[in-house]
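Trainee: Build me a model from this:
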Amino acid sequence: MRLRVLGTAAGGGLPQWNCACPGCTRARAAGPAVWRTQECLAVSASPGDWYLVNASPDIRAQILATPELSPPPGTRRTPLRGVLLTDGELDHTAGLLALREGAALDLFAPAAVTASLAEDFPLRGLLAPYGAVRWQPLTGGLALGDGRLRVTAIPVSDKRPRYAAGSTRAGPWVVAYRFDDAVTGAAAVYAPSLARWPRGLGAALAGAGCVILDGTFWSEDEMERRTGHGPGARAMGHLPISGPGGTLARLRGRTGVRCLYTHLNNTNPAADPASCERSTLAAALVEVAADGQEIRL
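Mentor: Below you'll find the model as predicted:
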């Protein structure tokens, strides 16, 4: 199994265009080498078959920077076979518009999300004339491509996108995914949006060789401390990394599994490799994922 980390930032990227918080200021001064595009993952268990997890607004640049996702010479064929959405947030769905020129893709998402993308944010209607997406129901487990890549959806929360804040549709609205290679037995878990630690996530981590989790905020009050305003991390739908009930405490002591954080907000000090927060993660044998990083299992 191969994982390509295409982007690792929360919505807006790093630096964010309208922000001069310490993280954005540092990133601007350092230049593009340390910039982060918005969170997205590509996964493959069979040669030539790749699936995206989420489709960020930066998807065109992310695909162009990834040779494995390029069409074969002299063709207009893509190795992308489909997209799995963890939720309906704009920074996870807007990139679907940039994929309209390709062959039809299978798209899997929670039922509440697919319905919301037809009504609250009518993306399905916008894409329909292009024939770019075949909307598939997300019902528990999937076997993708030639059947080698097995996918299990793990319900996470009922956090709705802002455009669907008033919706009464039953959830889940947010899921994580476990990927299993039916040939090698390798497994990975991808959970970029954790409003809480859901029932079933701990069991899903069992036997996984790689776990990539929501690293949006380092601390509960990060937005207020770094920008002077804003709600807490949990109110925004993200468990913080540190502090009581944070995700780092759940990762410490795990052996035989590679643990990484993604979806870092521009305010997260752990985005800085020289920070004390990054040292804390290193001491716990936990990494911060990087744009373009490849993980083989």
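
Trainee: where does this structure dip in pLDDT?
Mentor: For the chain, applying pLDDT under 70 flags no range at all.

Trainee: run the last query once more with 80
Mentor: Residue ranges of the chain with pLDDT under 80: 139-140.

Trainee: Which parts of it are helices?
Mentor: Ranges of helices in the chain, per DSSP state H, are 22-30, 59-64, 90-93, 111-119, 123-127, 201-205, 222-227, 247-251, 276-283.

Trainee: Kindly state which of those is positioned closest to Arg4.
Mentor: Closest to Arg4 of those is helix 59-64 (Cβ to Cβ; 9.0 Å). In short, each C-beta sits where N, CA and C put it, glycine included.

Trainee: Need the winner for burial among the helices of the chain.
Mentor: Highest mean neighbour count of these: helix 90-93, a mean of 23 (counted as mean count of other Cβ atoms under 10 Å).

Trainee: helices or strands up against that one?
Mentor: Helix 90-93 is packed against no helix or strand, with contacts defined by 3 or more Cβ pairs under 8 Å, 6 or more residues apart in numbering; DSSP states H and E.

Trainee: Distance from the chain centre to that helix, please.
Mentor: Helix 90-93 sits 10 Å away from the centroid of its parent chain (Cα atoms, centre = their mean, to the nearest Å).

Trainee: contacts for that helix?
Mentor: 10-12, 38-39, 54-57, 85-86, 117, 121, 123, 161, 163 (Cβ atoms under 8 Å, 6 or more residues apart in numbering).

Trainee: can I have it written out in CSV, keeping just the CAs?
Mentor: As requested, the backbone C-alpha atoms of helix 90-93 are provided in CSV (Å, rounded to 0.1, in the frame of the first residue of the first chain):
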residue,chain,number,x,y,z
LEU,A,90,-15.5,23.4,1.4
ASP,A,91,-11.8,22.7,1.8
HIS,A,92,-12.6,19.0,1.2
THR,A,93,-15.0,19.3,-1.7
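
Trainee: out of the contacts of helix 90-93, who has the most neighbours?
Mentor: For the contacts of helix 90-93, the largest number of neighbours (other Cβ atoms under 10 Å) sits with Glu39, at 33 neighbours.

Trainee: Pull the contacting residues for that one.
Mentor: The neighbours of Glu39, taking Cβ under 8 Å, 6+ apart as the test, are Gly7, Thr8, Ala9, Ala10, Asn54, Ser56, Asp91, His92, Pro192, Thr262, His263.

Trainee: right, and out of those residues, which lies closest to Arg169?
Mentor: His92 (17.4 Å).

Trainee: Give the phi and psi angles for the residue lying farthest from the centre of the chain, as a check.
Mentor: Distance from the C-alpha centroid of the chain peaks at Gly74, with 31.5 Å (Cα atoms, centre = their mean). Main-chain torsions, Gly74, degrees, to the nearest 10: phi 80, psi 10.

Trainee: Next one: it from Val183, what distance?
Mentor: Between Gly74 and Val183 the computed distance is 31 Å (Cβ to Cβ, to the nearest Å).

Trainee: same question, Thr267
Mentor: Thr267 sits 41 Å away from Val183, going by Cβ to Cβ.

Trainee: Which of these two has more residues huddled nearby?
Mentor: Between Thr267 and Val183, counted using other Cβ under 10 Å, Thr267 has the larger neighbour count: 25 against 13.

Trainee: ok, the more buried one touching Thr25?
Mentor: No. Using Cβ atoms under 8 Å, Thr267 makes no contact with Thr25, being 11.4 Å away.

Trainee: Contacts only, for Arg250.
Mentor: By Cβ under 8 Å, 6+ apart, Arg250 lies in contact with Trp197, Gly202.

Trainee: Revised request: answer the last question for Gly147.
Mentor: So Gly147 contacts Ala182 (Cβ under 8 Å, 6+ apart).

Trainee: With Arg124 as the reference, measure out to it.
Mentor: Going from Gly147 to Arg124 by Cβ to Cβ gives 27 Å.

Trainee: what does Val211 give?
Mentor: 32 Å.

Trainee: Dig out what Phe174 forms beta bridges with.
Mentor: No Phe there; residue 174 is Val. Counting by DSSP bridges, Val174 is bridged to Ser157.
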